[in-house]
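S.K.: Predicted structure and sequence below. I'll ask about it afterward.
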Number of protein chains: 2
Amino acid sequence: MPRRNADTREDIRAVAMELFAENGFEQTSLRQIAERLGITKAALYYHYPSKDELLSELARPMVDDLGAYVAHARDAGPGDAPDLLRRYLELCHRHRLLLQSVLREPAVLAKLGVLTAVLQRRLEVDRALVGSDRPTDRVRAIIAFGGLQDCVVLMGDERLETYADAAVESALRALAPPR
Amino acid sequence: MPRRNADTREDIRAVAMELFAENGFEQTSLRQIAERLGITKAALYYHYPSKDELLSELARPMVDDLGAYVAHARDAGPGDAPDLLRRYLELCHRHRLLLQSVLREPAVLAKLGVLTAVLQRRLEVDRALVGSDRPTDRVRAIIAFGGLQDCVVLMGDERLETYADAAVESALRALAPPR
DNA sequence: GTCTATAGGATGATAGAC
DNA sequence: GTCTATCATCCTATAGAC
């Protein structure tokens, strides 16, 4: 298998992401990554000091993006719900490859040390949007945000524009308190 | 760690489920299961011929339950949406331990050979409820069903009755076509 | 930067005694 | 039904030559 371009580190990230998406993180060995790249495991270790470090580098863009989103959402408040939902959908879509693969494995989340942090932030956003953390309020936020995330995962390679409006509107109805 | 009761096969399933929920399937070794049970790996193999077979046995109740649900949903149709959503929530809650752990790992779904089958059935149910598989229609079904599933996973050990009504109502609003 | 070679350990699974 | 002992295989990671 020929190399893709001159930047080996970038090639490694691309191939690793492919394989993680196909087989999951734990199920993918450095041997597989090296083979698909046409180099050896030892060469991988020249570029990345460990498998975990490679994982962190792959996940960092999404983690950072999510951090910025939460900061924004905290300030925005419930009035901006339509905008916040759309931004969340777009964020998920930007990072859909990661979302479809690695970020579903609990072991991976624990390894990244982001599990509790992410859940905590998610709860903050939920509370900001529905105004309380009583179970009957929380579920509305869970269905709205979780549902949008599920859309991205299940719609696969469908272009975002074909479903974005419908998804945001549906999530918005889910979020609204019962009359 | 002392044995729980006289039925070793049942003990094995219980402990395996615990550990899979804590660490994921691939990340849990037979050595860990045996240790927590207070027996050896070899004893495990007396009761289960392989790790995969153990997994299948753990997952079968949910797979069967889901099969029955889909058969029912196919006959019911869109008019029964509130009932179908509630049944789905209850189904997810019955199998929440499985849902929180094993069934999120793509490698596991592939191993069970249920990945395509489940997605296929899910699509059937979606179509039955929203009447088409156009992206703008599908997302409504995804948010409703996916959202309910997310509720069960994220609400953890919260009692179902505390949030079931609110969740079903929210999902129902998400499912409704935009006016 | 990439290689060969290998250390050191865990894993799933099996053989055979009791 | 459970044990000890072991196999073959795979893994992450490192050492050192080129």
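M.R.: Sure thing, it's come through. Residues are numbered from 1 along each chain as shown, chains lettered A, B, ... in the order given.
S.K.: hey, let's count contacts and neighbours off CA atoms from now on
M.R.: Noted.
S.K.: pLDDT weak spots in chain A?
M.R.: The model of chain A has pLDDT under 70 over residues A:1-6, A:114-115.
S.K.: domain ranges for it?
M.R.: With automatic domain parsing serving as the domain definition, the record reports that chain A contains domains spanning A:8-48, A:56-175.
S.K.: At the contact with chain B, which residues of chain A appear?
M.R.: A:23-24, A:26-27, A:101, A:104-107, A:135-137, A:139-140, A:142-144, A:146-148, A:150-151, A:154-155, A:162-163, A:166-167, A:169-176, A:178 (Cα under 8 Å from any Cα of the partner chain).
S.K.: Weed out the non-buried ones from those.
M.R.: When the residues of chain A next to chain B are checked for burial by 16 or more other Cα atoms under 10 Å in any protein chain shown, the buried set is A:23-24, A:26-27, A:101, A:104-107, A:135-137, A:139-140, A:142-144, A:146-148, A:150-151, A:154, A:163, A:166-167, A:169-176.
S.K.: count of neighbours near A:Thr116?
M.R.: By the criterion of other Cα atoms under 10 Å in any protein chain shown, A:Thr116 has 11 neighbours.
S.K.: what kind of secondary structure is it in?
M.R.: Under DSSP: H, G, I helix; E, B strand; the rest coil, the three-state class of A:Thr116 is helix.
S.K.: A:Pro178 reaches B:Glu169, doesn't it?
M.R.: Yes. Taking Cα atoms under 8 Å as the contact criterion, A:Pro178 and B:Glu169 are neighbours in contact, 7.5 Å apart.
S.K.: Show me the helices in chain A, by range?
M.R.: With DSSP state H as the criterion, chain A has helices at A:8-23, A:30-37, A:41-47, A:51-76, A:81-94, A:96-100, A:106-112, A:115-130, A:135-155, A:164-175.
S.K.: Could you dump the ones you listed into JSON lines and include distance to B:Val125?
M.R.: Conversion of the helices of chain A to JSON lines gives the following (distance: least, Cα to Cα, whole Å):
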{"stretch": "helix A:8-23", "distance to B:Val125": "26"}
{"stretch": "helix A:30-37", "distance to B:Val125": "37"}
{"stretch": "helix A:41-47", "distance to B:Val125": "45"}
{"stretch": "helix A:51-76", "distance to B:Val125": "32"}
{"stretch": "helix A:81-94", "distance to B:Val125": "24"}
{"stretch": "helix A:96-100", "distance to B:Val125": "22"}
{"stretch": "helix A:106-112", "distance to B:Val125": "28"}
{"stretch": "helix A:115-130", "distance to B:Val125": "28"}
{"stretch": "helix A:135-155", "distance to B:Val125": "14"}
{"stretch": "helix A:164-175", "distance to B:Val125": "18"}
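S.K.: out of the ones you listed, nearest to DNA strand C?
M.R.: With Cα to the nearest atom of the strand, the closest approach to DNA strand C among the helices of chain A belongs to helix A:41-47: 4.5 Å.
S.K.: Tell me how far that closest one lies from the chain's centre.
M.R.: Helix A:41-47 has its C-alpha centroid displaced from the chain centroid by 27 Å (Cα atoms, centre = their mean, to the nearest Å).
S.K.: Check which residues of that helix are buried.
M.R.: A:Leu44.
S.K.: who touches it?
M.R.: Taking contacts as Cα atoms under 8 Å, 6 or more residues apart in numbering or on different chains, the residues outside helix A:41-47 that touch it are A:8-9, A:12, A:30-31, A:34.
S.K.: Briefly note if it comes near DNA strand C.
M.R.: Yes. With Cα under 7 Å from any atom of the strand as the criterion, DNA strand C is reached by helix A:41-47 at A:41-43, A:46.
S.K.: between those, which is closest to A:Leu54?
M.R.: Set against A:Leu54, the nearest of the residues of helix A:41-47 next to DNA strand C by Cα to Cα is A:Tyr46 (11.9 Å).
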